[in-house]
Structures are given as C-alpha cells and as structure tokens.
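In: Build the 3D model from these lines:
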Amino acid sequence: MFLGTHTPRLDDKGRLFLPAKYREELSGGLVITKGQERCLYVFPMAEFQRITEALRTAPVTERAVRAYSRVFFASASDEVPDKQGRITIPAPLRAYAGLRRDCTVIGANTRLEIWDSRAWEVYLEQEEPAFADVSEEVLPGIL
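Out: Below is the predicted model:
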C-alpha cells in the first residue's frame, strides 16, 4: 500500500528519486504510464500485471475498452530503479504530466502518482472542498 506525499525533484536527465520507503517494493521493476488529470501512474510490476489481466478479459468490441487500452499501454514504460533509487521518466511522459523540476509523488493505495507540484496544488485546491461530500458516494457505509 502506498501512502503519503513526497516532493522529489526531477534532475536534468529526467530522473526522479523514488521515496525511500517504497524503494524496496519497487526494486524489482515498475511501470510508469499516463494517469488521469495529467499525472503519471507508477505501478509495481505485479500490480501492472494484475491490471493487464483484467483488461485482457475486457471485451475489445467495446470502443471505450479499446481506447483506454491503447493510451494506457502505448504510453507505458517499464523501468528498474538504479542503485540510488532513481527512475528515468521518458520525455513523452514528462511532457504529458507537465513535469519540469518540482514534483509531488503521492501514495494512491496500489500505485504512486507523480504530479507537477503546482498542478497538484491546483488539484487539491479544487478537490479538497468536495472531499467530505463524496465520501458516501465513494465509500457507502464504510466510513
């Protein structure tokens, strides 16, 4: 489970230090791909394989399945962190998420998300006020 908020910096070569608390879990490999709201999703390899299996069983006759799968897999990049815990984020993914220097990495349960720090701040400003209102829709009877 990935939790918390971290603020690493992207270096000139497009590398990012993974938060230290997640390095061991991600040391065997991970997949970075486009996420919603112009962030990047980072999945441990096992979680990405689980998602792949789920999408494999989805009907390719449905336009939405095809469209989602195309973007999701075409933008995916498998990476192995280096000995210092850095990953290289490919240029097209950096451009998609608007990553320059200051990044925010958030834990999002089974994945990490990488955001441009300013974009994350704007997102929180827009979404936090509604956080309490949506709890019943997202987690009915759980919280």
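In: What distance do you get for the residue positioned nearest the centre of the chain to Ala130?
Out: Most central in the chain under Cα atoms, centre = their mean is Tyr41, positioned 1.6 Å from the mean C-alpha point. With distances taken as Cβ to Cβ, to the nearest Å, Tyr41 is found 22 Å from Ala130. Yep, even glycine has a C-beta here, placed from its N, CA and C like the rest.
In: what do you get for Ala20?
Out: For Ala20 relative to Ala130 (Cβ to Cβ), the value is 32 Å.
In: Okay, Arg94 and Glu37: tell me how far apart.
Out: The value you get for Arg94 to Glu37, if Cβ to Cβ is used, is 16 Å.
In: Just the strands from this structure, written as ranges.
Out: Remark: strands assigned in the chain by DSSP state E are 5-6, 15-17, 30-34, 40-44, 77-79, 86-88, 103-108, 111-116.
In: Arg94 and Glu37: which is more packed in?
Out: Set Arg94 next to Glu37 and count neighbours by other Cβ atoms under 10 Å: Arg94 wins out with 19 against 12.
In: for Lys13, what are its contacts?
Out: Residues near Lys13 by Cβ atoms under 8 Å, 6 or more residues apart in numbering: Thr88.
In: Against Lys83, how distant is it?
Out: For Lys13, the distance to Lys83 - Cβ to Cβ - is 15 Å.
In: Also Arg94?
Out: 22 Å.
In: again, but for Ala54
Out: In terms of Cβ to Cβ, Ala54 sits 33 Å off from Lys83.
In: for the chain, which spans come out with low pLDDT?
Out: For the chain, the stretches flagged by pLDDT under 70 are 135-143.
In: what is the residue nearest to the centre of the chain paired to in the beta sheet?
Out: Thr33, Glu113 (DSSP bridges).
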